[in-house]
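*Asks:* sharing a sequence plus its predicted fold:
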Amino acid sequence: MNLEQTVPDEIAFPEKDLAGRMVVLGFLAQNLAIGLTFGVYGAFVKPFADSFAITRGVAASGLAIITLVLGLASPWVGGLLHRRSIRDVMTAGAACMVLGFGLLVVAPTAWVVLLLCAVLGLGATLLGPLPAMALMTNWFDAGRGRAIGIVMIPFGVMLMPIVTTLMIEAVGWRLMFGSLALLLCALTPLLRLIRNGPRDHGAGSSADRPAVHGEADSNRAVQRRLLTDTHFWMIAVTSALILAAGTAIVTHLLAYATDLGIESTRASVLLAVSGGMGMLGSFLFGWLSDRVGGAAALAINAAAQAVFWLFLWYGGSFWFLLATSALIGTCGGGVVAPLSNLLSVAYGRQQFGQAFGLTGLIQLPFNFGAPLFMGLLFDATGSYRGAFLVHVLLFVVAAAAFAQFARTLSHPSVESLP
């Protein structure tokens, strides 16, 4: 493993103003990718079902398709970042999403819409979190966690449900998607301002070009090394336990609250507050990872969630659940930034794309299985509380594993890979 031991207190590169611009551009790209997919789709489900006379289950499956493509395509995109500039990868992603939105305007059947969701998922993978985090990894040594935390703030996921609901009511869902295509077309030129790293001062410079043969390992060689590294598997699987719990609670929180007698409209506020606090968590745990390291920040996150999920198991009044949802949302939004920081420290900038991409692929079955597991356990017992306790146990395991890994990282006998 590449275990860089110390992180200075300031950005290591002299181009601080340009680095700040990269944070803004990374934030824009990530929020366009995720905000225009995950933030939009919830408002689209009902009009989609009504337009084609399909069930809500079929209509909702488009988001599952987007999620599936994000997971499956991440290793490929990680390898692509090894060969091509981040600017080109993001631009291709924006073009892919423009194509998807444009074709949705004239989609003749529900199955075509679902097929185009796969196109949007691919575009979001190329445009979104992985390239944005690779950009921050390239530009920052110190402050990397904070930079990733800012870039990963889910502003679009908070804003777009409101915007797209109003647009669908005003002009219909087809023109809404056409408007999104035009928005992406207008903003795509900004992506051409992206530079791979601090020595990349113009198109065609050495820092902007992909590595050539002899300068870096091949993608397959890097991936083989990662997949035979027990530390990498520990990071991927243990982080999956934390992230899968977030997927499960987003799916079932509203149902759990209504089971406790909370009116559905008030119950929906729990989800909104949880999502909103994720914005704070992204920055908070990114900052914390700069102070104590990504592994220690993840250990703290998992330990805190073990406690907060016990609060969830307890239940209580609406206000108690509201506070609990806020705490869980803060931790849930604070996983990706320290995980990215950990991977960038452990495997270096050159291997970060492949490492994060493979991590996403390994996490995919956990993210899909956790909501199903919670639903099946509810069906078997008539209660969510057993599933909550299982997740508490998994959080404890994750906290212990990351705490041990944090000690391994700080051990002076561990050497860095070149």
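*Replies:* Sure thing, it's come through.
*Asks:* just the C-alpha atoms of the least confident helix or strand in the chain by mean pLDDT, please, in PDB.
*Replies:* In the chain, no helix or strand scores lower on mean pLDDT, DSSP states H and E than helix 219-227, which sits at a mean of 80. Extracted in PDB, the C-alpha atoms of helix 219-227 (Å, rounded to 0.1, in the frame of the first residue of the first chain):
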ATOM      1  CA  ASN A 219      -5.000  -0.500 -15.800                       C
ATOM      2  CA  ARG A 220      -5.100  -4.200 -15.600                       C
ATOM      3  CA  ALA A 221      -1.900  -4.400 -13.600                       C
ATOM      4  CA  VAL A 222      -3.100  -1.800 -11.200                       C
ATOM      5  CA  GLN A 223      -6.500  -3.500 -10.800                       C
ATOM      6  CA  ARG A 224      -4.800  -6.900 -10.200                       C
ATOM      7  CA  ARG A 225      -2.600  -5.400  -7.500                       C
ATOM      8  CA  LEU A 226      -5.600  -3.800  -5.800                       C
ATOM      9  CA  LEU A 227      -7.700  -6.900  -6.000                       C
END
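*Asks:* what's in contact with it?
*Replies:* P75, G79, H82, R83, D217, F232, W233, Y347, Q351, Q354, A355, L358 (C-beta atoms under 8 Å, 6 or more residues apart in numbering). Any C-beta I mention is one placed from the backbone N, CA and C, and that applies to glycine too.
*Asks:* so how far is L227 from the closest residue to W76 other than its chain neighbours?
*Replies:* Nearest non-adjacent residue to W76, counting by C-beta to C-beta, 6 or more residues apart in numbering: G357, 7.2 Å away. Distance, G357 to L227, using C-beta to C-beta, to the nearest Å: 12 Å.
*Asks:* so which of those two has more stuff around it?
*Replies:* Between G357 and L227, counted using other C-beta atoms under 10 Å, the more crowded position is G357 (27 against 13).
*Asks:* contacting residues around that one?
*Replies:* By C-beta under 8 Å, 6+ apart, the neighbours of G357 are S74, P75, W76, V77, G78, G79, L130.
*Asks:* neighbours around the second one, how many?
*Replies:* By the measure other C-beta under 10 Å, the count of residues near P75 is 23.
*Asks:* follow-up on the earlier one: who wins for most neighbours among the contacts of G357?
*Replies:* L130 (31 neighbours).
*Asks:* alpha carbons of the helix or strand hosting that residue, in PDB - could you do that?
*Replies:* Using DSSP states H and E, L130 falls within helix 129-139. Extracted C-alpha coordinates of helix 129-139, given in PDB (Å, rounded to 0.1, in the frame of the first residue of the first chain):
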ATOM      1  CA  PRO A 129     -18.200  12.000  -8.200                       C
ATOM      2  CA  LEU A 130     -15.300   9.900  -9.300                       C
ATOM      3  CA  PRO A 131     -13.700  12.400 -11.700                       C
ATOM      4  CA  ALA A 132     -14.500  15.200  -9.300                       C
ATOM      5  CA  MET A 133     -12.700  13.400  -6.500                       C
ATOM      6  CA  ALA A 134      -9.800  12.500  -8.700                       C
ATOM      7  CA  LEU A 135      -9.500  16.200  -9.500                       C
ATOM      8  CA  MET A 136      -9.300  17.100  -5.800                       C
ATOM      9  CA  THR A 137      -6.800  14.400  -5.200                       C
ATOM     10  CA  ASN A 138      -4.600  15.800  -7.900                       C
ATOM     11  CA  TRP A 139      -4.800  19.400  -6.700                       C
END
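*Asks:* quick one: mean pLDDT for that helix?
*Replies:* Helix 129-139 shows an average pLDDT of 89 in the prediction.
*Asks:* low-scoring stretches of the stretch 1-150 of the chain, by residue?
*Replies:* 1-16 (pLDDT under 70).
*Asks:* show me where it has helices.
*Replies:* Secondary structure of the stretch 1-150 of the chain, counting by DSSP state H, counting those that start in this stretch: helices at 16-35, 38-52, 56-83, 86-104, 110-127, 129-139, 144-151.
*Asks:* tell me if I am right that F405 is in a helix.
*Replies:* Yes: counting by DSSP: H, G, I helix; E, B strand; the rest coil, F405 is part of a helix.
*Asks:* chain neighbours aside, what residue packs nearest to it?
*Replies:* Nearest one to F405, counting by C-beta to C-beta, 6+ apart, is A295 at 4.5 Å.
*Asks:* is it true that the one you found touches F402?
*Replies:* Yes: using C-beta atoms under 8 Å, A295 makes contact with F402 at a distance of 4.9 Å.
*Asks:* tabulate the contacts of G357 in JSON lines, adding columns for distance to A267.
*Replies:* Shown next, in JSON lines, are the contacts of G357 (distance: C-beta to C-beta, whole Å):
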{"residue": "S74", "distance to A267": "33"}
{"residue": "P75", "distance to A267": "37"}
{"residue": "W76", "distance to A267": "39"}
{"residue": "V77", "distance to A267": "36"}
{"residue": "G78", "distance to A267": "38"}
{"residue": "G79", "distance to A267": "43"}
{"residue": "L130", "distance to A267": "33"}
